[in-house]
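Colleague: 3D, please:
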Amino acid sequence: MNITEENKRRSKKKKSPLLLYIIIPFLSFFIYILSNSGLSIKELPDLFFYTPPKVKYETFKLSFDKDIPEDIVSIIKSSIDDIELNGVKRFKFSESGGYKVVVSDNLEDSMYFKQYAVVGHMYWIKGSTTMEEIKKSGKVYLSSDGYDVNSVFLDQLFGDSIQLVKSEDILSALQKSESYVAIVPIENLKKEMKVLVLDNKYCIEDSKGCLYVGYRLENKKDSDFVGDIIGRNMEIEYGESKGIDKDNIVKVNMSGVVAISRGLAQKIDNSGDFAYPAKKLGSFLADADLTHVSNEVSFVDGCVGYTGMVFCSKPKYVETLKASGVDIVELTGNHNNDYGAKYNKSTIEKYIELGWDHFGGGLNSDDASKILYKEVKGNLLAFMGYNWYDTINSSRALAGSSSAGANSYSVEKLTKDIKEAKDKGAVVIVTFQFQECYSYPSSDVIYPICYKPLSSPDQKKVFRQAIDLGADIVVGTQAHQPQTYEIYGKGLIFYGLGNLYFDQDEWIGTRQGLVLSLYVQDSNIIQVKITPIIVDSSLIPHIADETDSKLLLNLLKSARNF
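Modeller: Alright, predicted model coming up:
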């Protein structure tokens, strides 16, 4: 081998390791990319020789129906006119043709909509209206805060009837007079407002009772895609499309005294129908996510309690509660231990067997003092009840360490319970068994004093303190006739709801009653609907007619002046 060949051989040996040092890392990198990119072998060249696709940016022609006011046209145009890519406009406006914007008559096909409720003040006697009445009166309040797209939308419905008022002044304006109504977006509803039944429909339960303004594109290929673009940009500019969503609104029906005994027991037995008292009101009460009653009387085997002040119920009378759709039984009443704590205990065990919840009383003092938490449709509610009267008077109605009874009251307990529930983000519902009003007249006449909160003992002080501590609503379930209600601080107080199922038909005050329907959304009370009820000599309560409703609400209004 000559020197030249030897040098070539040595040179190849030197180059081979160098090539390996280059190839092996490259091969490792290639394998790593292949295993982590998710690409197939065929797609791998795209990783190294990628050419971005050409963007097809289409301009859509948009026109407007002649029925849409020019102000609305301007609003829609201004929300989308600046959409472009590389100088190419997304929308071109024309007098006709292309994608045509028209008024929509339902939420499902709307690219953008607003839904409104017609409201008065919670203290109003008036509870309903019609579109014809509103337009005829020419008196509509609307928020004037800054530039409000709502005024433009609603101008389409009410025109010159609209009077703009600052949002913080609407409630006080409504409280002064029932001649105006206010129109508020659904998302701005407050518990201090009274949603009016519109054309026989209640907005929160039936969207046909709401006012609706919406727009859609006439049917055409890709209209959903184009409508989504317009809708999203209008929401950015003017707020989200929002309407009543029953899937996240919780309805709670709350009622007053239940004492299925004495004269009512006799009526039931004579009828042979153990659900007799619920004939007219049962389905109404049951129409809720949660239905509450305050039952003051325990079920006792062999009970025959047609007279006196020691109460019991026959076990079969539970059919009345079943027919009323009961989910929650309040046990703050002072008659549940009339026949001894053992019957109270067996009655509570019956509720548990039926799958019903209880609060404000229990199998013993620990059970009685528990807060009842209910999570429904993403809303957390906390029920807590206290027997104020029997705590002050140290009666046998209260639960003991090993005996059933009502939950005792103390400011310390109330403070602790409310804080715990508020810390959990719950809507706090507090009920009290307070002292009853015994100043009934000697004949069947209206006697105003019992419609007011008691002055001695000071009912206002006790109930208001619960609101001061953070309760959202306070309800008195001791009253055998309705007491007035008020907005106080950040909460609502109903001093007494009156009777639901009982035998006191001697006086008009005890024949009257109230059922509250609480509507809760996003863990806030957005509305409390007050339904006056009344009973006659049949002892079957029913929803009061317009005359009886107005009489009761006017009496409660007068009593509100304390």
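Colleague: I249 contacts Y519, doesn't it?
Modeller: Yes: in this structure, I249 sits in contact with Y519. The criterion is CB atoms under 8 Å, and the distance is 5.6 Å. Glycine gets a C-beta too; all of them are placed from N, C-alpha and C.
Colleague: okay, and the common contacts of those two?
Modeller: Shared contacts of I249 and Y519 (CB atoms under 8 Å, 6 or more residues apart in numbering): I204, I526.
Colleague: so which of the two has more stuff around it?
Modeller: Regarding I249 and Y519, a neighbour count based on other CB atoms under 10 Å identifies Y519 as having more, with 23 against 19.
Colleague: ramachandran coordinates for the nearest residue to that one once chain neighbours are set aside?
Modeller: Spatially, and ignoring its direct neighbours in sequence, Y519 is nearest to Q527 (4.3 Å; CB to CB, 6 or more residues apart in numbering). With angles defined as degrees, to the nearest 10, Q527 shows backbone torsions of phi -170, psi 140.
Colleague: number of residues surrounding K461?
Modeller: By other CB under 10 Å, the residues close to K461 number 10.
Colleague: isn't I204 up against I244?
Modeller: Yes: counting by CB under 8 Å, I204 does reach I244; the two are 6.2 Å apart.
Colleague: which residues touch stretch 522-532?
Modeller: The set of residues that contact stretch 522-532 without belonging to it, under CB under 8 Å, 6+ apart, is 122, 189-191, 193, 195, 202, 204, 248-249, 284, 378-380, 425-427, 472-473, 482, 485, 492, 512-520, 543-544, 548-549, 552-553.
Colleague: inside strands: which ones of those residues?
Modeller: Secondary structure assignment by DSSP state E places 193, 195, 249, 379-380, 427, 473, 482, 485, 492, 512-520, 543 of the contacts of stretch 522-532 in strands.
Colleague: V297 sits in which helix or strand?
Modeller: Using DSSP states H and E, V297 falls within no helix or strand.
Colleague: in PyMOL, how would I select just the buried ones from the ones in strands among the contacts of stretch 522-532?
Modeller: One line in PyMOL is enough to select the buried ones among the ones in strands among the contacts of stretch 522-532; burial here means 16 or more other CB atoms under 10 Å:
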select buried, resi 193+195+249+379+380+427+473+482+485+492+512+513+514+515+516+517+518+519+520
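Colleague: which stretches in the stretch 151-300 of the chain count as strands?
Modeller: 162-165, 181-185, 193-195, 197-198, 211-217, 249-258, 290-295 (DSSP state E, counting those that start in this stretch).
Colleague: if we can go back for a sec, residues near the residue nearest to Y519, how many?
Modeller: Using other CB under 10 Å, Q527 has 24 neighbouring residues.
Colleague: tell me the pLDDT of L556.
Modeller: Model confidence at L556, given as pLDDT, is 98.
Colleague: so it sits in a helix?
Modeller: Yes: assigned with DSSP: H, G, I helix; E, B strand; the rest coil, L556 falls within a helix.
Colleague: hang on, it packs against Q481?
Modeller: No: with contacts defined as CB under 8 Å, L556 does not count as touching Q481, sitting 10.6 Å away.
Colleague: overlap of the contact sets of these two?
Modeller: The contact sets of L556 and Q481 overlap at Y451 (CB under 8 Å, 6+ apart).
Colleague: and the average pLDDT for stretch 213-228 is what?
Modeller: What stretch 213-228 shows for mean pLDDT is 87.
Colleague: use 786 as the first number from now on
Modeller: With 786 as the first residue, the last one maps to stretch 998-1013.
Colleague: just the helices in the stretch 786-935 of the chain please.
Modeller: Assigned by DSSP state H, counting those that start in this stretch, the stretch 786-935 of the chain shows helices spanning 788-822, 829-833, 855-865, 916-922, 934-943.
Colleague: low-confidence ranges in the chain?
Modeller: Within the chain, the stretches with pLDDT under 70 are 786-840, 930-933.
Colleague: report how many residues lie close to H1143.
Modeller: 22.
Colleague: distance of it from I1293?
Modeller: Relative to I1293, H1143 is positioned 32 Å away (CB to CB, to the nearest Å).
Colleague: and what of T1269?
Modeller: 16 Å.
Colleague: okay, the two: which has more neighbours?
Modeller: Here T1269 and I1293 are compared on neighbour count by other CB under 10 Å; more neighbours surround T1269, at 21 against 18.
Colleague: what are the ranges of the helices in the stretch 1036-1185 of the chain?
Modeller: Defined through DSSP H, counting those that start in this stretch, the helices belonging to the stretch 1036-1185 of the chain, from first to last, are 1047-1056, 1067-1071, 1103-1108, 1126-1139, 1150-1153, 1173-1178.
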